[in-house]
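In: Provided below for reference: sequence and predicted model.
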Amino acid sequence: MVIPDIKRVIEQVSRDRGIDPDILAKAVEEAVKSAAKKKFGSKIDIEVKYNPETGEIDVFQFREVADDITEPELQISFKEALKLDPECEIGDSLGIKTDTSTFGRIAAQSAKQVIIQKMKDAERDAVYTGFIERKGEIINGIVQRIERGSLIVNLGHTEGILSDREQVPGETYRRGDRIRAYIMEVLHDSRGPQIVLSRTHPNFLVCLFKTEVPEINEGIVTITGAVREPGVRAKFAVSSNDSDIDPVGACVGMKGSRVQNVVQELRGEKIDIIPWHADPAKFVCNALAPAVISRVIIDESNRSMEVIVPDDSLSLAIGKGGQNVRLASKLTRWRLDVKSETQYSKDMQQAYESLVAIPGVGISLADALYEKGFFSADEIRKASVSDLIQVKGISEEKAGEILEAVRKRAAGFSKRQHSVPAESLASAHPPLSGREDSSDPTDDSTDLPDVPQENVCEK
């Protein structure tokens, strides 16, 4: 059987689309097999062989060699089989070449249509395979058209889609513009491969730096995290596997050349390159730069930190609209609560006063509780009797009384009001050792050492 131009079509499609000719030949064989089964019946065992040298297609019907013929379409007599293959035996499956001229024009046309469809499917599969291997990479394309805010990008053998939400706010494109984007997802459906692109994904930033910084590809500099508010600001954490290589300097480049290339691609997005640190508190300090950090109080159980900054650094630490602290929180994966030193002092004073206000506590016992890490009535409420009896001056009975009083107040069931004279509260202040310089190994705070405050977060 010869289908006109099939050899030329296979060669051309293979050359133009980069598809393995064996895949196309397989598609041809499956198409002809489908046509043959329509002609001879679905029960017939059929095998098709395509000759890439001549473009000819041979169709074989396989029949069982038998003495007694009960199914003529599926069997061949032993006598007839010996004429075709003298070495055959009863029970063998013998392939008999079929005269394809009996297919007729309609069958041949049907086979050709199936072949064309199979080739399209093979092309789609090849495109999908090629792009699935490139998922997570940057690709260049040309804006082909704009549909309802989404950019349809010509990627060569297929199209990619850059939806409105994956575009950086403020960027505008016209048909014919060149564009770089991150391959975020590769989907496969009946319409063919769908290449989902992004310019807002944090990994787009990562890939751009990989392109600009050889030390990253060489494994000397490691990217530990990247977060973005696309078009406005990004934070990028790096570390070095070589003590002689400064990871931040490597990413910045000579006179800022490397980072500026990335900034230019991102249309002016501000990029903070952060040195990663194994100590979470120091990493948070680095992430909040250029703000000066006075103190960091860590709550491991809730994975949160209270960050105290000088009053004049509060707006810098928080950033416009909370942007700086928000990005730092995402980068470090810690919930951050930034406070000024003035506000922190007020909060600590109020917390201490809440201890003094507990019925039966008073200033001296409040000091003892404070020094043991119970900074407020709320923390007492979460404690147990066994926790409180560790405090000097508190017996098991006293601990029970304190807990009962605190919990009743918290639930709104306090049966009596307890007031502390104003003059007493005026002289009631958290003990210095518990507030600033505690050496208690169970203290979860990162205190200021005896050095200037600006050095607190230095590596």
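Out: Sure, I can see it. As the structure is a prediction and not an experimental result, all values here were calculated from the model. Numbers count the residues shown, from 1 in each chain.
In: how about Val338, secondary structure?
Out: Secondary structure state of Val338, per DSSP: H, G, I helix; E, B strand; the rest coil, is strand.
In: let me fix that, I meant to ask about His277.
Out: Per three-state DSSP, His277 ends up coil.
In: and it, how many neighbours?
Out: The number of residues packed near His277 is 19, by other Cβ atoms under 10 Å. Using the backbone N, CA and C atoms, a C-beta is placed for each residue, glycine as well.
In: kindly state the pLDDT recorded for it?
Out: pLDDT recorded at His277 is 95.
In: give me the element the residue in the chain sticking out farthest from the centre is part of.
Out: Outermost residue of the chain with respect to the C-alpha centroid, by Cα atoms, centre = their mean, is Lys79; its distance is 68.4 Å. Assigned by DSSP states H and E, Lys79 belongs to helix 78-84.
In: Ile216 now?
Out: helix 214-217.
In: all helices of the stretch 301-450 of the chain, in order?
Out: Secondary structure of the stretch 301-450 of the chain (DSSP state H, counting those that start in this stretch): helices at 314-318, 323-332, 341-356, 362-371, 377-381, 385-388, 396-411, 422-426, 432-435.
In: next one: the stretch 101-250 of the chain
Out: Ranges of helices within the stretch 101-250 of the chain are 104-132, 202-212, 214-217, 247-252, based on DSSP H, counting those that start in this stretch.
In: in the chain, which ranges drop under the pLDDT threshold?
Out: 1-5, 17, 101-108, 110-112, 114-115, 409-459 (pLDDT under 70).
In: and the longest strand for it?
Out: Taking DSSP state E as the criterion, the chain has its longest strand at strand 178-189.
In: which elements pack onto it?
Out: helix 104-132, strand 138-147, strand 150-154, strand 159-162, strand 192-198, helix 202-212 (3 or more Cβ pairs under 8 Å, 6 or more residues apart in numbering; DSSP states H and E).
In: need these in a markdown table (columns: mean neighbour count and distance to Asp68).
Out: Shown next, in a markdown table, are the helices and strands packed on strand 178-189 (neighbours: other Cβ atoms under 10 Å; distance: least, Cβ to Cβ, whole Å):
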| stretch | mean neighbour count | distance to Asp68 |
| --- | --- | --- |
| helix 104-132 | 17 | 32 |
| strand 138-147 | 15 | 65 |
| strand 150-154 | 19 | 65 |
| strand 159-162 | 22 | 61 |
| strand 192-198 | 21 | 52 |
| helix 202-212 | 20 | 69 |
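In: and these as a markdown table, adding distance to Ser42?
Out: Converted to a markdown table, the helices and strands packed on strand 178-189 look like this (distance: least, Cβ to Cβ, whole Å):
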| stretch | distance to Ser42 |
| --- | --- |
| helix 104-132 | 15 |
| strand 138-147 | 43 |
| strand 150-154 | 42 |
| strand 159-162 | 38 |
| strand 192-198 | 29 |
| helix 202-212 | 50 |
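In: Lys49: which of these is closest?
Out: helix 104-132 (14.4 Å; Cβ to Cβ).
In: circling back to that earlier point, so what strands line up beside the longest strand of the chain?
Out: Sheet pairing of strand 178-189 (DSSP bridges) gives strand 138-147 (antiparallel), strand 192-198 (antiparallel).
In: contacts for the longest one?
Out: Judged by Cβ atoms under 8 Å, 6 or more residues apart in numbering, the contacts made with strand 138-147 from elsewhere in the structure are 151-156, 159-160, 173-183, 197, 204, 207-208, 211.
In: one more time with 10 Å, if that's ok
Out: 131, 151-156, 158-164, 173-183, 195, 197, 199, 203-204, 206-208, 210-211, 265 (Cβ atoms under 10 Å, 6 or more residues apart in numbering).
In: neighbours of Glu401, how many?
Out: By other Cβ under 10 Å, 17 other residues sit near Glu401.
In: hmm, back to that, tell me which other helices or strands the helix holding Lys79 touches.
Out: On a contact count with 3 or more Cβ pairs under 10 Å, 6 or more residues apart in numbering; DSSP states H and E, helix 78-84 meets strand 57-66, strand 75-77, strand 93-97.
In: export that helix to PDB, keeping only CA atoms.
Out: Only the C-alpha atoms of helix 78-84 are listed here, as PDB (Å, rounded to 0.1, in the frame of the first residue of the first chain):
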ATOM      1  CA  PHE A  78      -2.200 -26.600   7.900                       C
ATOM      2  CA  LYS A  79      -2.000 -27.500   4.200                       C
ATOM      3  CA  GLU A  80      -2.300 -23.800   3.000                       C
ATOM      4  CA  ALA A  81       0.100 -22.700   5.800                       C
ATOM      5  CA  LEU A  82       2.900 -25.000   4.600                       C
ATOM      6  CA  LYS A  83       2.800 -23.300   1.200                       C
ATOM      7  CA  LEU A  84       3.600 -20.000   2.800                       C
END
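In: can you count the residues close to the closest residue to Ser384 other than its chain neighbours?
Out: In this structure, Ser384 finds its nearest non-sequential neighbour in Leu403, 7.8 Å apart by Cβ to Cβ, 6 or more residues apart in numbering. The tally of other residues near Leu403 (other Cβ under 10 Å) stands at 19.
In: can you give me the neighbour number for Tyr352?
Out: Other residues near Tyr352 come to 25 when the count uses other Cβ under 10 Å.
In: domains of this protein?
Out: What automatic domain parsing lists as the domains of the chain is 6-130, 135-200, 216-339, 343-455.
In: quick check: end-to-end length of the shortest one?
Out: The reference is to domain 135-200. Length of domain 135-200, first residue to last, Cα to Cα, to the nearest Å: 15 Å.
In: next one: it to chain centre, how far?
Out: Averaging C-alpha positions (Cα atoms, centre = their mean, to the nearest Å) puts domain 135-200 19 Å from its chain's average.
In: need the residues that contact the host helix or strand of Val263.
Out: Val263 belongs to helix 257-265 when assigned by DSSP H and E. Contact with helix 257-265 is made by 138, 180, 199, 204-205, 207-209, 211-215, 234, 236, 248-253, 256, 269-271, 273, as judged by Cβ under 10 Å, 6+ apart.
In: and it, what's buried?
Out: In terms of neighbour count (16 or more other Cβ atoms under 10 Å), helix 257-265 has its buried residues at 258-259, 262-263, 265.
In: and what of stretch 51-58?
Out: Neighbour-count burial for stretch 51-58, counted by 16+ other Cβ under 10 Å, picks out 55, 57-58.
In: just the CA atoms of it, as PDB, please.
Out: Output in PDB follows, covering the C-alpha atoms of stretch 51-58 (Å, rounded to 0.1, in the frame of the first residue of the first chain):
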ATOM      1  CA  ASN A  51       9.100   1.100   5.200                       C
ATOM      2  CA  PRO A  52      10.800   4.500   5.600                       C
ATOM      3  CA  GLU A  53      13.000   3.900   2.600                       C
ATOM      4  CA  THR A  54      10.200   3.400   0.000                       C
ATOM      5  CA  GLY A  55       7.200   4.800   1.800                       C
ATOM      6  CA  GLU A  56       5.400   1.500   1.300                       C
ATOM      7  CA  ILE A  57       3.000   0.200   3.900                       C
ATOM      8  CA  ASP A  58       2.600  -3.600   4.300                       C
END
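In: how far does that stretch sit from the chain's center?
Out: Distance, centroid of stretch 51-58 to centroid of chain: 49 Å (Cα atoms, centre = their mean).
In: alright, calling it a day.
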